[in-house]
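Asks: Dropping the sequence and predicted coords here.
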Amino acid sequence: MRVFVLDQNKKPLDPCHPARARKLLNKGLAQVFKRYPFTIILQNRAVEDSVTHPHRIKIDPGSKTTGIAIVQEQSGRVTNALEINHRGQQIKNALESRRALRRGRRNRKTRYRKPRFLNRTRPVREASATGKGWLPPSLMSRVFNVETWVRRLRKLCPVTAISQELVRFDLQKIQNPEVSGVEYQRGELFGFEIKEYLLSKWGHNCVYCGVENVPLEVEHIVPKSKGGSNRVSNLTLACRCCNQKKGNDSIEKFLKKKPEIIKKVLLKAKASLKDAAAVNATRWELLRRLQRTELPVETGSGGLTKFNRKTKGIDKNHWTDAACVGKSTPEKLLLNGVKPLNITAKGHGIRQRCRPDKYGFPKAHAPSAKFFRGFQTGDIVKADIKKGKYAGQHTGRIAIRYRPSFVLQLPEKKFDVHPKYLQTIFKADGYEYQVN
C-alpha cells in the first residue's frame, strides 16, 4: 500500500513507499496532510521538480460494496485500493419510516382528501444511454459515493484515465440459465396461480415444522421489514402458528436450532435480484458522471474482468476485480503488500429537529447546533483514559451529546467517555474508515 504525496502547492505527485514516507516525516521534510487515506505533503518541493507517471482509477461498481483500485499504467503496480460500503438500504428504510409517520399524522389530523398525483415533481436525470428517467435516493447514494471518491483521489494522485465495469445482468438468466425465446415473456407463474404454484413448489405442508392437512399461509422468507420483496422466489408456505411465531425475524434466527431446514429452504428459494437490479439501474448514471471529469473513460464487461482475473491467478475481491477491469489491464499486475482501505458511508447527519416515537408522536427536540466543545458526531478521535474500566488508549468514532458525556464507538464495543480525554485525529466527512 503506497502513501499519497502532495507537493508544497498541494499538487499530486506519485505515491511513495511507506518506508520512504516515514523517512521524510522523521527528517522534517514532510508533514501529515490527511490520515484517511494517508497522505503527506512535502515542505520544499514543487511538482515541476519531480517526474510523475500516469495512473488510472479502475472501478468495479456494486450494490452493497464498490471496489476501486489505482494502477500505475507503466509498471502495472496497484498503488492503492479502496472498498466502499454503501448505505442504500439504510436510506430506503429511513424514507419508508418517514412516509409511514407522515401518513399516520395526516390521517389523524386532516379530513379525507382525494389523492393527487400531479403536484409532485422529481429531478430528471439521464438514467440510460438513450432516455431520461428518475433514480431514487437509495440508488443515487451509490453513484454519489463513487463520484465523491473519484474526485478526492484525483486531488491526491496524478490520475490520467478512468476505467469502469459497465455490466448488465440478465435477471431471468440468473434465475433460470436455460431460458430462451418466448420464455422471456412468460414468467415462472405461467399457467399457475400464486398459491397453486407455491403448493406445487413447496409441497402441501409447512416448510418450517412439516405439519400437513392444515390451512397454509403465504409467508415471506426474507421479511418485508428487512428488505424482502413480494417476488415469488421470496415466498413460501407456513402454518399460522409458524407464521406468527417467525414474525419479522430472519430465517436464520427463527430456525437457528434447525440448520438442515435453513439449508433446504435457502437452496430451494432463488437468490434475490435486488443487488443486480441496483447495478443495472445506476450504471449509465455513473458513467455519465465520470465522463464529466473530462478524463478518458474506458468501459469493460464483467466477462472481461473475470477473464483478466482468472488468467492472472488473482483471488476474487472487490478491489482485485476493480484492478482487472477493462482492456487497459496490464499483462502483469503487482499486488504485493496492498491492503485496501475499507470505507463505510455514514451520511452527514439529519436535519430533523423533532424526534418522533414509533407511533409518530413527538418525544424529543434535537438542538440545531452540530458542534459541542469542538467535537462533532462522526469525528475520529484518540482517547487516552487514565483510569477506570476502560483505561488505556482507544481510537474510534464519537457520537456527541450536548453534555460532557460522549459515546466512543469501537469495532467491538462502545462506551461513554468525557471529552477532556479526547483528541481529534480526523474530522467527520460522512465516512468511516478501517484498514483491512
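Replies: Good, I have the coordinates.

Asks: what separates the strand or helix carrying Val5 from the chain centre, distance-wise?
Replies: Element membership of Val5 [criterion: DSSP states H and E] is strand 3-6. Distance of strand 3-6 from the chain centroid (C-alpha atoms, centre = their mean, to the nearest Å) equals 26 Å.

Asks: Dump that strand to CSV, restricted to CA.
Replies: C-alpha atoms of strand 3-6 as CSV (Å, rounded to 0.1, in the frame of the first residue of the first chain):
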residue,chain,number,x,y,z
VAL,A,3,1.3,6.6,0.5
PHE,A,4,-0.2,9.6,-1.4
VAL,A,5,2.2,12.6,-1.7
LEU,A,6,1.5,16.2,-2.4
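
Asks: Could you list the paired strands of it along with their orientation?
Replies: If you go by DSSP bridges, strand 3-6 pairs up with strand 12-16 (antiparallel), strand 39-42 (parallel).

Asks: now those strands in JSON lines, with distance to Arg401?
Replies: Quick note: C-beta positions are derived from backbone N, CA and C, even for glycine. Listed next are the strands paired with strand 3-6 as JSON lines, based on distance: least, C-beta to C-beta, whole Å:
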{"stretch": "strand 12-16", "distance to Arg401": "39"}
{"stretch": "strand 39-42", "distance to Arg401": "32"}
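
Asks: still on that earlier bit, and the strand holding Val5, what's buried?
Replies: Using 16 or more other C-beta atoms under 10 Å as the test for burial, strand 3-6 gives Val3, Phe4, Val5, Leu6.

Asks: any residues touching it, and which ones?
Replies: 12-18, 20-21, 30, 33-34, 37-42, 80, 156-157 (C-beta atoms under 8 Å, 6 or more residues apart in numbering).

Asks: Same check on stretch 94-103?
Replies: Stretch 94-103 is contacted from outside by Pro136, Pro137, Ser138, Pro356, Gly360, using C-beta under 8 Å, 6+ apart.

Asks: model confidence over that stretch, on average?
Replies: Stretch 94-103 comes out with an average pLDDT of 87.

Asks: How far does that stretch sit from its chain's centre?
Replies: Using C-alpha atoms, centre = their mean, the mean C-alpha position of stretch 94-103 is found 22 Å from that of the whole chain.

Asks: what's the burial count for Leu290?
Replies: Neighbourhood size, Leu290 [other C-beta atoms under 10 Å]: 20.

Asks: ok, the closest residue in space to it that isn't next to it in sequence to Ser163 distance?
Replies: Spatial nearest neighbour of Leu290, excluding adjacent residues (C-beta to C-beta, 6 or more residues apart in numbering): Val297 at 5.0 Å. As judged by C-beta to C-beta, to the nearest Å, Val297 and Ser163 stand 8 Å apart.

Asks: and what of Val150?
Replies: Using C-beta to C-beta, we find Val150 at a distance of 11 Å from Ser163.

Asks: of those two, who's got more company?
Replies: Neighbour count, other C-beta under 10 Å: between Val150 and Ser163, Ser163 has more, with 27 against 20.

Asks: angle of the helix or strand hosting the more buried one against strand 12-16?
Replies: Using DSSP H and E, Ser163 maps to strand 159-165. Between the axes of strand 159-165 and strand 12-16, defined by axes from the mean of the first three to the mean of the last three C-alpha atoms, to 10 degrees, the angle is 70 degrees.

Asks: Buried residues, the helix or strand Asn280 falls within. List them.
Replies: Per DSSP H and E: Asn280 is located in helix 274-291. Buried residues in helix 274-291, counting neighbours by 16+ other C-beta under 10 Å, are found at 274, 276, 278-290.

Asks: Which parts of the stretch 301-436 of the chain are helices?
Replies: With DSSP state H, counting those that start in this stretch as the criterion, the stretch 301-436 of the chain has helices at 302-311, 318-323.

Asks: picking up where we left off before, which residues are in contact with both of Val150 and Ser163?
Replies: Ile57, Ile59.

Asks: any chance of the contacts of stretch 94-103 in CSV, plus distance to Gly430 and pLDDT?
Replies: Formatted as CSV, the contacts of stretch 94-103 follow (distance: C-beta to C-beta, whole Å; pLDDT from 0 to 100):
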residue, distance to Gly430, pLDDT
Pro136, 19, 90
Pro137, 15, 92
Ser138, 16, 93
Pro356, 24, 86
Gly360, 28, 78
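
Asks: Emit the PyMOL select command for whichever of those are buried.
Replies: The PyMOL selection below is limited to those of these classed as buried (16+ other C-beta under 10 Å):
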select buried, resi 138+356+360
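
Asks: Which members of the contacts of stretch 94-103 are positioned in strands?
Replies: Among the contacts of stretch 94-103, the ones falling in strands (DSSP state E) are Pro356.

Asks: Looking at the contacts of stretch 94-103, spot the one nearest Phe254.
Replies: Ranked by distance to Phe254 (C-beta to C-beta), the contacts of stretch 94-103 are led by Ser138 at 26.7 Å.

Asks: Now do the closest one against Glu96, distance only.
Replies: Distance, Ser138 to Glu96, by C-beta to C-beta: 10 Å.

Asks: Find the least confident helix or strand in this protein, judged by mean pLDDT.
Replies: Sorting the helices and strands of the chain by mean pLDDT, DSSP states H and E puts helix 171-175 at the bottom, at a mean of 59.

Asks: And the average pLDDT for stretch 307-323 is what?
Replies: 92.

Asks: Sorry, wrong one. I was asking about stretch 426-436.
Replies: Throughout stretch 426-436, pLDDT has a mean value of 87.

Asks: Likewise for stretch 223-233?
Replies: For stretch 223-233, the mean pLDDT works out to 82.
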